[in-house]
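> next input, structure requested:
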Amino acid sequence: MVVFDRLREAHQEARDQQTRAGLVELDPLGEATVSAPSLLDLDGVAARLNLSTRHVRRLVAERRIPFLKVGSCLRFDSEQIELWLRSLAVCSFDPPPGN
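A predicted model of the protein is given here:
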């Protein structure tokens, strides 16, 4: 019985860590549900970015856009794409006084 108690505690600790990291959400009954990232295909990310698929393929080839490769298929995590877009934002600045 001691072994099963240790396994249960280890499982509970792992679930708590995943919950804190945002990987697992708890439903109203306290059961864990895994939140899977939403993946976009090449056409989906091209539509999201308002680019041609050819341009997205070029960004992938140049390693300028975050992507996943599942077998021979390209997939894009929508959250990573949003973060990547934010990182590309150019901030405006006030000109120095006297100009």
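> so what strands line up beside the longest strand seen in the chain?
In the chain, ranked by residue count with DSSP state E as the criterion, the top strand is strand 73-77. Based on DSSP bridges, the pairing partners of strand 73-77 within the sheet are strand 39-40 (antiparallel), strand 68-70 (antiparallel).
> ok, then the element right after the first one?
Translated: strand 39-40. Downstream of strand 39-40, the next assigned helix or strand under DSSP states H and E is helix 42-49.
> do you know how far residue 51 is from residue 57?
Taking C-beta to C-beta, to the nearest Å as the measure, residue 51 falls 10 Å from residue 57. C-beta: built from backbone N, CA, C; applies to glycine.
> pass me the low-pLDDT residue ranges in the protein, would you?
Applying pLDDT under 70 to the predicted model, the residue ranges of the chain that meet it are 1-4, 6-7, 10-11, 14-37, 99.
> using the record's domain definitions, break it down for me.
As given by automatic domain parsing, the domain ranges for the chain are 8-34, 39-87.
> list the buried residues of the longest strand of the chain.
Residues of strand 73-77 classed as buried under the neighbour-count rule (16 or more other C-beta atoms under 10 Å) are 74, 75, 76, 77.
> how about the helices in the chain?
Assigned by DSSP state H, the chain shows helices spanning 2-21, 42-49, 53-61, 78-87.
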